[in-house]
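*Asks:* I need the structure of the sequence given here:
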Amino acid sequence: MKTKKTYAIFGLGRYGLAVARELVENGIEVIAVDTDERIVNDAAAYLPVCKCADVTDAEVISRLGIANIDTVIVCMASNLEASVMAITLCKEVGVKTVIAKCANEMHQKILLRVGADRVVFPENESGIRLAKNLLSSGFIDMISLSKDVSMVEIDVKQEWYGKNLIELNLRKKYGFNIVAIKKGEKVNVNVNPEQVLDSETTLIVIANTSKLTKLK
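*Replies:* Residues are numbered from 1 along each chain as shown. This next block holds a predicted model:
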């Protein structure tokens, strides 16, 4: 049984390379792909599986075994047509999650319409941050405040429904501090420990990064 998710990165510019390296350095299996042979040769020094190929070609997608990949990250924002083709082909072979880097809001709408599950703006989210969010597995968002401490946005677990923070005593159990409670678009930093949690509640917490694995 596969225990770790597998990833493919299409496009090894600064953003794609940052995502790929962060994942690989954390022991994750990554297939990195770019059309520029020079870029691929340079990246091969620190990415174990690095291919020079055209991911807008259905035969290439098949040959690379992309159908067996859990998440594909398309980092070709400067080439909308190539991004659209890559996303479409990935979805056709059954890739569950496709994340795409985009250049602007118009491109965002197009990429979402052709099947991207999530679109990121590189000026708002760095490649390393995206990789850390993927590694956090189950967290909505994760921001490193320092080497050891992170701020994380997490969904309320089903077993927490109908209980308040006093009853759950999450600080003692998981070692994190709840700094805000989010419901819809409303964020309340004046945390009421007696507030009952439900499926629409999101917690924003600060914790030691190493302890966050308890929540996975």
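*Asks:* buried stuff in stretch 110-120?
*Replies:* Residues 110-111, 114-117, 119-120 are the ones in stretch 110-120 that count as buried (16 or more other CB atoms under 10 Å). All C-beta spots, glycine's among them, are computed from the backbone N, C-alpha and C.
*Asks:* ok, the residues you listed vs Val40, which is closest?
*Replies:* Distance to Val40 across the buried residues of stretch 110-120 (CB to CB) is lowest for Val120, with 22.8 Å.
*Asks:* contact partners for Ile87?
*Replies:* 74, 98, 100, 111, 114-116 (CB atoms under 8 Å, 6 or more residues apart in numbering).
*Asks:* want to throw these into TSV with pLDDT, secondary structure and distance to Asn192?
*Replies:* Below are these laid out as TSV (pLDDT from 0 to 100; DSSP: H, G, I helix; E, B strand; the rest coil; distance: CB to CB, whole Å):
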residue	pLDDT	secondary structure	distance to Asn192
Val74	96	strand	42
Val98	94	strand	39
Ala100	92	strand	39
Leu111	91	helix	39
Val114	87	coil	43
Gly115	87	coil	41
Ala116	90	coil	37
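*Asks:* burial measure for Val189, as a count.
*Replies:* Residues contacting Val189 under the criterion other CB atoms under 10 Å number 9.
*Asks:* touching, Ser199 and Tyr161? I think so.
*Replies:* Yes - under the criterion of CB atoms under 8 Å, Ser199 makes contact with Tyr161 at 6.4 Å.
*Asks:* pick out whichever of those two has more residues nearby.
*Replies:* Tyr161 (12 against 9).
*Asks:* now do whichever strand or helix holds Ile166: distance to the chain's middle.
*Replies:* Assigned by DSSP states H and E, Ile166 falls within helix 165-168. The chain centre lies 30 Å from the centre of helix 165-168; the measure is CA atoms, centre = their mean, to the nearest Å.
*Asks:* what are the contacting residues of it?
*Replies:* Against helix 165-168 from outside (CB under 8 Å, 6+ apart): 160, 178, 191, 193-195, 197.
*Asks:* switch the cut-off to 6 Å
*Replies:* Contact with helix 165-168 is made by 160, 193, as judged by CB atoms under 6 Å, 6 or more residues apart in numbering.
*Asks:* can you pull the buried residues of the helix or strand following that helix?
*Replies:* Per DSSP H and E, the first helix or strand lying C-terminal to helix 165-168 is helix 170-174. With burial defined by 16+ other CB under 10 Å, the residues of helix 170-174 counted as buried are 170, 174.
*Asks:* so where do the strands sit in the chain?
*Replies:* In the chain, the strands defined using DSSP state E lie at 7-10, 30-34, 50-52, 71-74, 97-101, 118-120, 139-144, 149-155, 176-183, 186-188, 201-208.
*Asks:* and the ones you listed, which is most packed in?
*Replies:* Comparing those by mean neighbour count (mean count of other CB atoms under 10 Å), strand 7-10 ranks first with a mean of 28.
*Asks:* partner strands of it, parallel or antiparallel?
*Replies:* Sheet partners assigned to strand 7-10 using DSSP bridges are listed as strand 30-34 (parallel), strand 71-74 (parallel).
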